[in-house]
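1. sequence first, predicted coordinates after that:
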Amino acid sequence: MKDKVIIYQVFTRLYGNRNTTRQENGTIEENGCGKMADFTPEVLKGMAQMGISHVWYTGIIRHATVTDYSVYGIPRQHSAVVKGKAGSPYAITDYYDVDPDLAMNVNQRMQEFEQLVARTHEAGLKMIIDFVPNHVARQYHSVCKPVGVKDLGEDDHTDCGFDPVNNNFYYCPGQRFVPYFDLYHGEQEPYMEEPAKATGNDHFDNAPGKNDWYETVKLNYGVDYYAGGIGHFEPIPDTWKKMTDILLFWASKGIDGFRCDMAEMVPAEFWSYATAIVKQKYKNIIFVGEVYNPNEYRHYIASGFDWLYDKVGMYDTMRAVICHHAPASAISGAWQQTDDIRDHMLYFLENHDEQRIASDFFAADAVKGVPAMMASLLMQQNPFMLYAAEEYGEHGMDKEGFSGNDGRTTIFDYWSIDTLCRAAAKKLTTKEKQLFDIHKRTMLIARKEKAIREGVFFDLMYVNGQLERQYVFLRQAGHDLLLVAVNFDDYAVAIDVNFPAHAFEYLKVKEGTYVATDLLTKEKEEITLKADSAVRLTLDSRGGCVLKMKV
């Protein structure tokens, strides 16, 4: 039986934090920090009951932070090359270690992680963690690597900018690191790096700017960017071997998958090499790729990725439809662009990189995203991702510190999420409770209904050109037929949905009058399906219906 994958992204250090001080640029002592222990059996059971299948724990691997853990033998990071007090989870300082912020007992942090893996599985959930392959923190140094493992950069020839086989980093020989900012940054001694290493966002000189990923260093996978991006993959670059070993290390902990950060900034040849090795030993492990270039989708799928972000296509389209910048029919064009690889496309409306739907920068009201959520979950068999607190309509308008008021939930600062705190305290507003309810009902429909999990999809928009703010489609498996209609308008509408003769032929459905049950409300009505005629539907503002018929 095929399952509907619904990934729940949790920013681990924020999710369970109930400290509501929320001091801008606050320390961990002031603002608190969520822990792995916050994911109790009860919390995880609640996620499973909500319809979640996979939990992506963001920020597990140890990354740069200004919080001092040197008493535990963890190297202290210079604050000049850390973004925010908490630091970015994508500036890894030790690929073999767990973020100490997340542990109740820092010395037992790896054991606490292993216990989290066990609890997640006991709740019937699968576990995904980040793998950050393109770059590391400027002061990367592993103190937890297994015996016999050499550190990244340990044997690099720093007198040459690029070495295709031996070097793990790119260098600017004879040049000191001199970025735009003050290298003291409140410290007694300046940050020193000579020769300077290339910066993570493909910035190959010694002076990254404010908008560069200046806190990170680019990893060398055998691509000579100094010579225009020529690949040197024979013999196998040392970085390939070291990063594959890191994947195997975490896979051995029993996790179920990796979300691979900025996967397209690493050559597809590496992914072919690494995923084949990992999947040979761990056959069911999955790879989720952050790939934004649609021209590269099929290349990376062929290289071993199971799912890719559908950002440039479906996300951007849904955002435009939500905000009435595009008609609902644009959704048809978005899925058609990836129809041959549709099962590999991961749909989402929020994640840590994107603005919250409820933010002033997006729709200013989370309810406006409901029809997009319903369509994204129900229109195909492919996976869907929900970002923690999206289901409550988190506003995302906090000015947390390094992350200013940008409509996003911070990944750089110690903070807590308002709606998650109030949900735990049972202090949600009526509107927030309703939002959660519609998310839960829709996700459970997606998980339980065979027509969604395994069924055929039939887009009705090509015969319903009169609909500008509504999207309608059919799902069918066996005798189950689902008619799904969503309304992006800000008011209730009555619409006539045309059914073409081809739908009856394609789905092998007979004309007739059927009892239809709205799976969202449990209300029943009789519907007559007839070729080249219409069905009248009434839809609430920013809502929809999921009508199930036995045919």
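-> Thanks, I have it.
2. tell me how far the nearest residue to Val546 once chain neighbours are set aside lies from Ile6.
-> Counting by CB to CB, 6 or more residues apart in numbering, Leu519 is the residue found nearest to Val546 once chain neighbours are left out, at 4.3 Å. Every C-beta, even on glycine, is put in place using the N, C-alpha and C of the backbone. Between Leu519 and Ile6 the distance, using CB to CB, to the nearest Å, works out to 16 Å.
3. same deal with Arg441?
-> Summarising the geometry, the distance separating Arg441 from Ile6, computed by CB to CB, is 13 Å.
4. which one's more surrounded, those two?
-> For Arg441 and Ile6, the more surrounded residue by other CB atoms under 10 Å is Ile6, and the numbers stand at 21 against 17.
5. can you pull the contacts of that one?
-> For Ile6, the contacting residues are 51-54, 377, 383-386, 443, 446-447, by CB atoms under 8 Å, 6 or more residues apart in numbering.
6. same thing with His299?
-> Here His299 is in contact with Ala268 (criterion: CB under 8 Å, 6+ apart).
7. re the thing from before, which of the contacts of Ile6 has the largest number of neighbours?
-> Those, ranked by neighbours (other CB under 10 Å): first place Leu386, 26 neighbours.
8. check which helices and strands the helix or strand containing that residue sits against.
-> According to DSSP states H and E, Leu386 maps onto strand 384-387. Using 3 or more CB pairs under 8 Å, 6 or more residues apart in numbering; DSSP states H and E as the contact criterion, the secondary-structure elements in contact with strand 384-387 are strand 6-11, strand 345-348, helix 430-448.
9. can I get the ones you listed in CSV with mean pLDDT and distance to Thr65?
-> Putting those into CSV (pLDDT from 0 to 100; distance: least, CB to CB, whole Å) gives the following:
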stretch, mean pLDDT, distance to Thr65
strand 6-11, 98, 14
strand 345-348, 98, 27
helix 430-448, 98, 32
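10. against Ala251, how distant is the residue nearest to Tyr225 when sequence neighbours are not counted?
-> With CB to CB, 6+ apart as the measure, Phe204 is the residue that lies nearest to Tyr225, at 5.7 Å, once sequence neighbours are left out. Between Phe204 and Ala251 the distance, using CB to CB, works out to 32 Å.
11. same deal with Ile341?
-> On the measure of CB to CB, Ile341 and Ala251 end up 25 Å apart.
12. same thing with Phe177?
-> When Phe177 is compared with Ala251 (using CB to CB), they lie 34 Å apart.
13. more crowded one of the two?
-> The residue with the greater number of neighbours, taking Phe177 and Ala251 and applying other CB under 10 Å, is Phe177; the counts read 22 against 18.
14. look at that one and give its secondary structure.
-> Secondary structure assignment for Phe177 (DSSP: H, G, I helix; E, B strand; the rest coil): coil.
15. so where do the helices sit in the stretch 401-550 of the chain?
-> Ranges of helices in the stretch 401-550 of the chain, per DSSP state H, counting those that start in this stretch, are 418-424, 430-448, 450-453, 501-507.
16. would you list every one of the helices in the stretch 1-150 of the chain?
-> In the stretch 1-150 of the chain, helices defined by DSSP H, counting those that start in this stretch lie at 12-15, 28-31, 41-50, 109-122, listed in chain order.
17. pLDDT (mean, whole number) over the longest one?
-> Per-residue pLDDT values over helix 109-122 give a mean of 98.
18. the third one now?
-> Averaged across helix 41-50, pLDDT comes to 98.
19. which parts of that helix are buried?
-> Residues 44, 47-48, 50 are the ones in helix 41-50 that count as buried (16 or more other CB atoms under 10 Å).
20. out of the residues you listed, flag the one nearest to Gln111.
-> In terms of CB to CB, no member of the buried residues of helix 41-50 lies closer to Gln111 than Leu44, at 18.1 Å.
21. list the contacts of the closest one.
-> Leu44 makes contact with 55, 119-120, 122-123, 125 under the criterion CB under 8 Å, 6+ apart.
22. what about Lys510, how many residues nearby?
-> Based on other CB under 10 Å, the number of other residues close to Lys510 is 9.
23. burial count for the nearest residue to it once chain neighbours are set aside?
-> The shortest distance from Lys510 to any residue that is not its chain neighbour, by CB to CB, 6+ apart, is 6.7 Å, and that residue is Val551. The tally of other residues near Val551 (other CB under 10 Å) stands at 17.
24. my read: Val551 touches Leu481, true?
-> Yes: with contacts defined as CB atoms under 8 Å, Val551 counts as touching Leu481 at a distance of 4.6 Å.
25. what touches both of these two?
-> Counting by CB under 8 Å, 6+ apart, the residues touching both Val551 and Leu481 are 509, 514.
26. re earlier: now the contacts of Ile6 in JSON lines, with distance to Arg138?
-> Shown next, in JSON lines, are the contacts of Ile6 (distance: CB to CB, whole Å):
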{"residue": "Gly51", "distance to Arg138": "41"}
{"residue": "Ile52", "distance to Arg138": "36"}
{"residue": "Ser53", "distance to Arg138": "37"}
{"residue": "His54", "distance to Arg138": "32"}
{"residue": "Leu377", "distance to Arg138": "40"}
{"residue": "Pro383", "distance to Arg138": "34"}
{"residue": "Phe384", "distance to Arg138": "36"}
{"residue": "Met385", "distance to Arg138": "30"}
{"residue": "Leu386", "distance to Arg138": "33"}
{"residue": "Met443", "distance to Arg138": "40"}
{"residue": "Ala446", "distance to Arg138": "43"}
{"residue": "Arg447", "distance to Arg138": "43"}
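27. just the CA trace of stretch 511-519, in CSV.
-> As requested, C-alpha coordinates have been extracted for stretch 511-519 and formatted as CSV (Å, rounded to 0.1, in the frame of the first residue of the first chain):
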residue,chain,number,x,y,z
GLU,A,511,-22.8,8.6,-15.6
GLY,A,512,-25.4,8.6,-12.8
THR,A,513,-26.7,10.1,-9.6
TYR,A,514,-24.5,9.5,-6.6
VAL,A,515,-24.5,10.3,-2.9
ALA,A,516,-21.5,12.5,-2.2
THR,A,517,-20.1,12.9,1.3
ASP,A,518,-18.0,16.0,2.0
LEU,A,519,-15.0,14.5,3.9
